[in-house]
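1. Give me coordinates for this.
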Amino acid sequence: MNISHLEPKPTLIPTPLLIESRNIPKEEELNLSLSTIQRKATTKKKKNKCKSKAEYIYIKKSNKKTERKRIKKEKYYFFDSDGDLIEKKFKQNNLVIKGRGMFGKVYYDKTRGSSTKVIKFNNKKNLKYDKEKISYLLKKTTELSSEYIVKFIRIGYLECTYELNLYIEMENIEGIELINFIDKKNFISPLLALKKICEGLYHLQESYKFIHNDLKSSNIMISFRDIYDFSIKIIDIDGGHTIDDYIKYNIDEKIFGTPLYFSPEKLLNLSDSFKRDFCDVFKSNKSFKSLTHIEKKEYIKKQDIYSLGVILFEIIYRRNLHTLIGTFLKFPGNVKQYSLVNTIGNGYDAFVINYPKYDLKKNNKILPTVLEAELKSLSELLKILLRFYERLTLTEIKKFIDQNEVHLVGGNKKSKSTTHTSITSSLASTPRSSFTPGLISMPSQISKPRTFSKTSEISKSENGIFFVKVSEKSDAIEIEPSLFKSKQFNKIDINYI
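-> Reported below is the predicted structural model:
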């Protein structure tokens with residue numbers, strides 16, 4: 001479905017950043033000779049001594065516990081006797097830049113087949129806190145690894161006069177970011193994708209006792225094989241915090257993350273006027289500080305759940321929810337502000353009111369026909385995940401998905417929800433590894449199927465799905481195998497006329 005005509009896609013303007021450079025010469029230096037300036041710069045560089053540098057790994061012991069081990073100098077991966085080894089490897093083409101963000105870069109190591117994240121810090125206090133946090137995550141990902149969460153291999157830090165760096169070596173993940181996958185107009189099962197992300201998020205919260213804090217489609221990697229056959233991993237977990245640290249350091253009073261994925265409660269400490277409006281609409285008088293220890297933990301966990309709802313919306317509609325309805329506060333950029341009202345309690349209802357013809361309950365053309373059986377469950381899930389107030393827990397959401405999943409694994413699991421008497425029922429019962437040629441019939445069988453053997457009778461869309469027009473809903477359909485051998489089509493959708 002193409003909804004690009006709903007509104008012009010906004011161009012987000014990043015928040016201006018103050019950039020300072022140590023290389024700009026002072027006023028009295030402007031009249032000095034070039035050789036003098038170079039000599040002074042060399043002298044300053046020599047003073048950039050590294051007070052400490054270290055690397056750690058965790059080793060699994062026979063009793064299933066892990067033990068931290070400090071790497072000896074001769075076995076360093078990040079450093080050598082001269083300091084930072086990363087730049088030297090980069091010059092030798094052993095490392096290639098895989099990505100870059102606000103706080104550092106990610107390199108891919110060709111020789112080891114792993115990725116290395118380099119994070120730069122401005123002060124020792126922040127470096128010390130993150131060292132402890134990353135060490136904790138290294139231990140947890142070694143001790144309790146999950147197929148849905150990126151695994152850390154080793155960590156290191158460099159503490160110099162003018163340079164404070166933290167290094168994380170992690171598994172290299174094949175595939176692309178979910179946001180780029182969506183932009184290419186590819187389809188995956190939204191219900192299965194949500195199930196996999198929920199499993200990863202649940203493991204992060206319950207096994208690691210950790211909150212991601214910036215869950216978004218660019219922090220999820222997908223390795224795609226087929227619409228029902230793909231793997232998902234949550235990345236950038238180092239930007240979050242342990243649940244105990246949230247409570248201990250009042251991290252909830254600070255703002256972290258991406259505005260387009262913010263839950264309303266994240267903004268309560270940022271704007272007094274928004275806090276008043278929120279409390280008036282939802283009759284919420286409790287502050288975070290007044291909650292009990294257990295209530296605080298549950299409250300913190302639910303912040304990532306709203307972001308999960310925004311990601312599910314993107315998988316279905318291939319647009320971000322808040323670029324359509326607006327963000328709760330006005331942030332830099334062209335996205336409008338959304339105003340809370342008493343009659344609307346979740347983000348999906350806010351969307352449907354503005355764009356009624358794109359309601360999943362009324363429009364079954366939003367997803368390919370092969371995914372049509374998921375529409376009813378997805379509509380309810382969007383309302384649950386995108387609640388502005390009193391969201392469900394991950395355990396309750398996982399239970400809802402289990403009760404409503406439709407043929408998620410190779411057709412072995414039947415729908416527990418209402419049966420859909422459409423061609424989707426037949427399609428969904430076939431293996432998902434590939435769409436093989438052959439008879440695809442309606443529940444009401446007829447004696448002779450209609451056969452399509454020419455490409456002129458089938459129209460192909462940009463995303464590789466081909467559409468067959470059928471005059472009567474009682475028709476069965478057969479696709480000529482030669483069309484598949486030529487690899488002209490790889491997925492199917494049936495449009496009735």
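2. pLDDT value on residue 30, please?
-> Confidence at residue 30, expressed as pLDDT, is 40.
3. got it, and residue 95?
-> pLDDT, read off for residue 95, is 81.
4. Report pLDDT for the residue nearest to it when sequence neighbours are not counted.
-> Closest residue to residue 95 apart from its sequence neighbours, by Cβ to Cβ, 6 or more residues apart in numbering: residue 107 at 4.2 Å. C-beta here means a position set from N, CA and C on the backbone, and glycine is covered the same way. If you check residue 107, the pLDDT there is 89.
5. Put the alpha carbons of the one helix or strand residue 107 maps to into PDB.
-> If you go by DSSP states H and E, residue 107 is part of strand 104-109. Only the C-alpha atoms of strand 104-109 are listed here, as PDB (Å, rounded to 0.1, in the frame of the first residue of the first chain):
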ATOM      1  CA  GLY A 104      31.400   7.400  17.800                       C
ATOM      2  CA  LYS A 105      32.000   5.000  15.000                       C
ATOM      3  CA  VAL A 106      31.500   1.300  14.200                       C
ATOM      4  CA  TYR A 107      34.200  -0.600  12.300                       C
ATOM      5  CA  TYR A 108      34.000  -4.000  10.700                       C
ATOM      6  CA  ASP A 109      37.200  -6.100  11.200                       C
END
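6. In stretch 113-122, which of the residues would be classed as buried?
-> For stretch 113-122, the neighbour count (16 or more other Cβ atoms under 10 Å) marks 114-119, 121 as buried.
7. Show me what the strand holding residue 107 is packed up against.
-> Under the contact criterion of 3 or more Cβ pairs under 8 Å, 6 or more residues apart in numbering; DSSP states H and E, strand 104-109 touches helix 86-91, strand 95-100, strand 114-120.
8. what's the helix or strand following the last one packed up against?
-> Of the helices and strands lying after strand 114-120 in sequence (DSSP H and E), the nearest is helix 124-143. Packed against helix 124-143 by the contact rule (3+ Cβ pairs under 8 Å, 6+ apart) you find strand 50-60, strand 66-70, strand 152-160, strand 164-171, strand 241-242.
9. The longest one: partners in the sheet, and parallel or antiparallel?
-> Each strand that pairs with strand 50-60, with its direction, by DSSP bridges: strand 66-70 (antiparallel), strand 152-160 (antiparallel).
10. The strand holding residue 107 to strand 114-120, inter-axis angle?
-> Using axes from the mean of the first three to the mean of the last three Cα atoms, to 10 degrees, one finds that strand 104-109 and strand 114-120 are set 160 degrees apart in direction.
11. by how many degrees do strand 104-109 and strand 95-100 diverge?
-> Using the same axes, to 10 degrees: strand 104-109 against strand 95-100 is 140 degrees.
12. Give me the buried positions along stretch 362-380.
-> Per 16+ other Cβ under 10 Å, stretch 362-380 contains these buried residues: 364, 366-379.
13. about what we covered before: what would the helices and strands packed on helix 124-143 look like in JSON lines with mean neighbour count?
-> Shown next, in JSON lines, are the helices and strands packed on helix 124-143 (neighbours: other Cβ atoms under 10 Å):
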{"stretch": "strand 50-60", "mean neighbour count": "15"}
{"stretch": "strand 66-70", "mean neighbour count": "12"}
{"stretch": "strand 152-160", "mean neighbour count": "22"}
{"stretch": "strand 164-171", "mean neighbour count": "22"}
{"stretch": "strand 241-242", "mean neighbour count": "20"}
